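Q: Starting from these lines, generate the structure:
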Amino acid sequence: MATFNSDEIYTATEVVRNFSSILKSVKTKEKKRVFIVKNNKFEAVLLNMDEYEKLSDAFDILQKLYKKTKETK
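A: Numbering: from 1, shown residues only. Sure thing, here's the model as predicted:
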C-alpha cells in the first residue's frame, strides 16, 4: 500500500475546480504526486513526467529480470 501525506489527497471535485494549480504543484515538484479520491475510494494518481518515466523504466527493467529468471528455470 502506498504511503502519502494528507496534503497529497484531493477529491475529484477539488481536482476539477483547481486543476491548473494542482497540475502546477506536481509539475514544479512542489508535490511529488497527487492522489485523487472519488466516493471515498482512491481512483488515480497524478505524477509529473519525470516521476512517470522513472517508474516506467523501473517497470521495464523488472519485466526483463522476471523474464530472464523464468527462462533459466
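Q: Please name the nearest non-neighbouring residue to Leu47.
A: Leaving aside its sequence neighbours, Leu47 sits nearest to Arg33 (C-beta to C-beta, 6 or more residues apart in numbering; 5.1 Å). From N, CA and C alone the C-beta is placed, and that goes for glycine too.
Q: next one: the helix or strand of the chain with the lowest mean pLDDT to chain centre, how far?
A: Of all helical and strand segments in the chain, the minimum by mean pLDDT, DSSP states H and E falls on helix 49-72, at a mean of 93. Put simply, helix 49-72 sits 16 Å off its chain's centre (C-alpha atoms, centre = their mean, to the nearest Å).
Q: OK, contacts around the nearest residue to Val34 once chain neighbours are set aside?
A: Using C-beta to C-beta, 6+ apart and skipping the chain neighbours, the partner closest in space to Val34 is Leu46 (4.2 Å). Contact analysis of Leu46 by C-beta atoms under 8 Å, 6 or more residues apart in numbering lists Val15, Ile22, Leu23, Val26, Arg33, Val34, Ile36.
Q: Using ChimeraX, define a selection of the buried residues within those.
A: In ChimeraX, a selection of the buried entries from those looks like this (16 or more other C-beta atoms under 10 Å):
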select :15,22,26,34,36
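Q: In strands only, show me the contacts of Leu46.
A: Per DSSP state E, strands hold the following members of the contacts of Leu46: Arg33, Val34, Ile36.
Q: of these, closest to Leu62?
A: Arg33 (19.6 Å; C-beta to C-beta).
Q: Tell me who's in contact with the closest one.
A: Phe4, Glu8, Val26, Val45, Leu46, Leu47, Glu51.
Q: which ones are touching the closest residue to the third one other than its chain neighbours?
A: This means Val26. In space, and not counting its chain neighbours, Val26 is closest to Asn48: 5.0 Å by C-beta to C-beta, 6+ apart. Residues near Asn48 by C-beta under 8 Å, 6+ apart: Val26, Lys27, Lys29.
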